[in-house]
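A.B. asks: give me a 3D structure for the following:
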Amino acid sequence: MMFHEELRKSLDEMNCTQKELAEAGNLPASTVNRYVSGKRVPEQRSEQLEKILDGLQILSNRKKYTGFSRENFYKILEKQLEITSFDYERFRKNLNMLIDTLEIKVSKMTKELYYEPSYIQRIKSGQRRPADPEDFAGKVAAYILEHHIADRTGIRQLLGVEKDKIRNDEEAVKALEEWLCTGEDPLVDPTDIFLRKIDEFDLNECLHKIDKSGESYVTLPFTTRKIYYGKEGMMKAEMNFIRLTLASESMEPSIHYSDMPVENIFGNREFCNRWIEGLMLLQKKGLKLVVIHNMSRSLHELLLGMEKWIPVYMAGQMESYCLYQSRRNNFCNGIRVSGAVALREGAVRGFDEDSKYYVTEKKEEVAYYNKQIRNLISRANVLMKVYREENKQEFSRFLLEDQKEQGKRRNILPSLPLYTMSEATLDEIISENYFSSEFIRELKYYYLNQKTRVEDILKHSEMENEVAVQEETNIQFCFIPLAGIFGGQELWYSADLYKKHLEETRNFAASHTNYILIENSAPKFRNLQVSIMDENWIMLSKTKNPTIHFVIQEPKLCKTVWKMIEKRKAKESRE
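C.D. replies: Got it, this is the predicted structure:
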């Protein structure tokens, strides 16, 4: 028997009310109500517990009731706390991560689960604990699975559960409930995964695979069917769209939009890889690719989709847009159009097995779908600007205009920044290496540019640099990425000069009020720098393979990355 059940039983047998118990025990009526209803459980040997038992003792004496036993209540509470003894803080963190990742509206969930408006918010903040966490977790899990159909794939992936391990909704609810109560680790941050994928990606390796598979891709037989159904049909339709586009003489852009579940393409790894290879073959042919991302997806789905597009973005000849669409829509759709082919997709949301795919080469139909998708682009916003070596002048203009803007900057750097180094130290590094005179000129120009930019920003705004700093006893791989120069260069230097540079960096921080230096023992990334300007833009700068800068100005992504940095900082400060 649970503590609240024994409490209610005693009151019933004594024919007493909660109000009488509150008065006898000198407790607020609301506190007694929470204990009787099971919403709260008193701590062992706590003042509240003793007051409850004192009140029961007074009432039992008054009513001449012989069934009350203080020791019995102690034993029941002790046993209950043993049964429900688990990490409430872990439970709270898991709940918060799940709500944030799936962008669940807490007010709506509270209303539908018949809790008080502030109940879940207080659990999220740690001000309150559910009396029966397993029951609470089960209700939350059932609500999520019912109201977030489109996120089911994301939930499985976030929990690390194989698709075939969850065969129905009942098993999905159980898996989510168990994770909320006993999950060893919080959900993997999808933003962190996305950034690491960019950091690790090597375009040269990817292109080598494409070269090997390109010829066989084009020579695969075409199917004569134009209409396909279900997930198997989707794969055939997508492949035929790419093959027909490759085989055509048209050099018109290939434009893609879909709000279908990301699992359709990205859930099958072999097919997903083949599909990405096909898109890169379109780029190799010389076609520009245009993608419209549906920003109304959950964060996990959105970043998973963008993650899979990374090779395509890295290869260039790419434009990206973002479009919001209500997630309450009962239908999901997709259009893919090139100069000679169009693919139309459609399904009732949550019933992908009944989806339909139509591939057409009829000129009038291709023209119609081309007009439709361009109408979508007219309603969309640019998702990101991509700067490669061929448009580095435009990139320089962006940086020049930005340094005048007020707003806090944050940078996550794999090594010490170039601009905190003295010119004398830079000259020593140059003297230790066999650089060409052309590279030395470019390096010095870049150094002075960086120094001027940072000094200008610090006059009006705060800059926080999170830098990987090596221990003095274990200094190795001393380098500075030079993503702003393009060309994939890195500036390598000796351990002695690294120590000197580190001292200069600390002095730079001490002499500039608005400059905050955060030293970490290990780099977050090896080949990627993350720069954030308030919630206005995020810049992902990859040094090599290839050298490329992505500047994202879409508010949802900017706020998400900013929030991720804040959470990680808070976590590290607690640890």
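A.B. asks: which positions in the longest helix along the chain come out as buried?
C.D. replies: Ranked by residue count under DSSP state H, the longest helix found in the chain is helix 437-460. Neighbour counts over helix 437-460 (16 or more other C-beta atoms under 10 Å) mark 439, 442-443, 446-447, 449-451, 453-454, 457-458 as buried. All C-beta spots, glycine's among them, are computed from the backbone N, C-alpha and C.
A.B. asks: can I get those in CSV with distance to residue 485 and pLDDT?
C.D. replies: Shown next, in CSV, are these (distance: C-beta to C-beta, whole Å; pLDDT from 0 to 100):
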residue, distance to residue 485, pLDDT
439, 9, 91
442, 6, 93
443, 7, 94
446, 5, 94
447, 10, 95
449, 10, 94
450, 10, 94
451, 15, 95
453, 14, 95
454, 16, 96
457, 20, 96
458, 23, 96
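A.B. asks: farthest-separated two in those?
C.D. replies: When C-beta to C-beta is used, the two most widely separated members of those are 439 and 458, lying 28.3 Å apart.
A.B. asks: quick one: the helices in the stretch 351-500 of the chain?
C.D. replies: In the stretch 351-500 of the chain, the helices defined using DSSP state H, counting those that start in this stretch lie at 363-379, 392-402, 423-432, 437-460, 495-511.
A.B. asks: dump those helices to a markdown table, plus distance to residue 301.
C.D. replies: Formatted as a markdown table, these follow (distance: least, C-beta to C-beta, whole Å):
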| stretch | distance to residue 301 |
| --- | --- |
| helix 363-379 | 19 |
| helix 392-402 | 29 |
| helix 423-432 | 45 |
| helix 437-460 | 35 |
| helix 495-511 | 40 |
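A.B. asks: so what's residue 16 closest to, chain neighbours aside?
C.D. replies: residue 59 (5.2 Å; C-beta to C-beta, 6 or more residues apart in numbering).
A.B. asks: sorry, wrong one. I was asking about residue 335.
C.D. replies: Computed as C-beta to C-beta, 6+ apart, the closest residue to residue 335 that is not its neighbour in sequence is residue 373, at 4.8 Å.
A.B. asks: ok, the one you found - contacts?
C.D. replies: Contact analysis of residue 373 by C-beta atoms under 8 Å, 6 or more residues apart in numbering lists 255, 257, 292, 335, 337.
A.B. asks: could you rerun that using 7 Å?
C.D. replies: For residue 373, the contact set (C-beta atoms under 7 Å, 6 or more residues apart in numbering) comprises 255, 257, 335, 337.
A.B. asks: thinking again about what came up before, where's the residue nearest to residue 16 relative to residue 30, distance?
C.D. replies: According to C-beta to C-beta, to the nearest Å, residue 59 stands 19 Å off from residue 30.
A.B. asks: higher neighbour count, these two?
C.D. replies: The residue with more neighbours, out of residue 59 and residue 30, is residue 59; 22 against 9, by other C-beta atoms under 10 Å.
A.B. asks: I'd guess that one is in a helix, am I close?
C.D. replies: Yes. Judged by DSSP: H, G, I helix; E, B strand; the rest coil, residue 59 forms part of a helix.
A.B. asks: dump the residue contacts of it.
C.D. replies: Neighbouring residues of residue 59 by C-beta under 7 Å, 6+ apart: 14, 16, 20-21, 24.
A.B. asks: please apply the same query to residue 181.
C.D. replies: Applying C-beta under 7 Å, 6+ apart, one finds that residue 181 lies in contact with 86, 91, 133-134, 137.
A.B. asks: is there a quick ChimeraX command that grabs whichever of these are buried?
C.D. replies: Per 16+ other C-beta under 10 Å, the buried members of these correspond to this ChimeraX selection:
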select :91,133,134,137
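A.B. asks: just the contacts of residue 181: which are in helices?
C.D. replies: Short answer: the contacts of residue 181 in helices (DSSP H) are 91, 133-134, 137.
A.B. asks: now the two most distant members of those.
C.D. replies: So, the ones in helices among the contacts of residue 181 by C-beta to C-beta: farthest apart are 91 and 134, at 10.0 Å.
A.B. asks: re earlier: export the contacts of residue 59 to a markdown table and tack on pLDDT and neighbour count?
C.D. replies: Formatted as a markdown table, these follow (pLDDT from 0 to 100; neighbours: other C-beta atoms under 10 Å):
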| residue | pLDDT | neighbour count |
| --- | --- | --- |
| 14 | 91 | 19 |
| 16 | 91 | 19 |
| 20 | 92 | 18 |
| 21 | 91 | 25 |
| 24 | 91 | 21 |
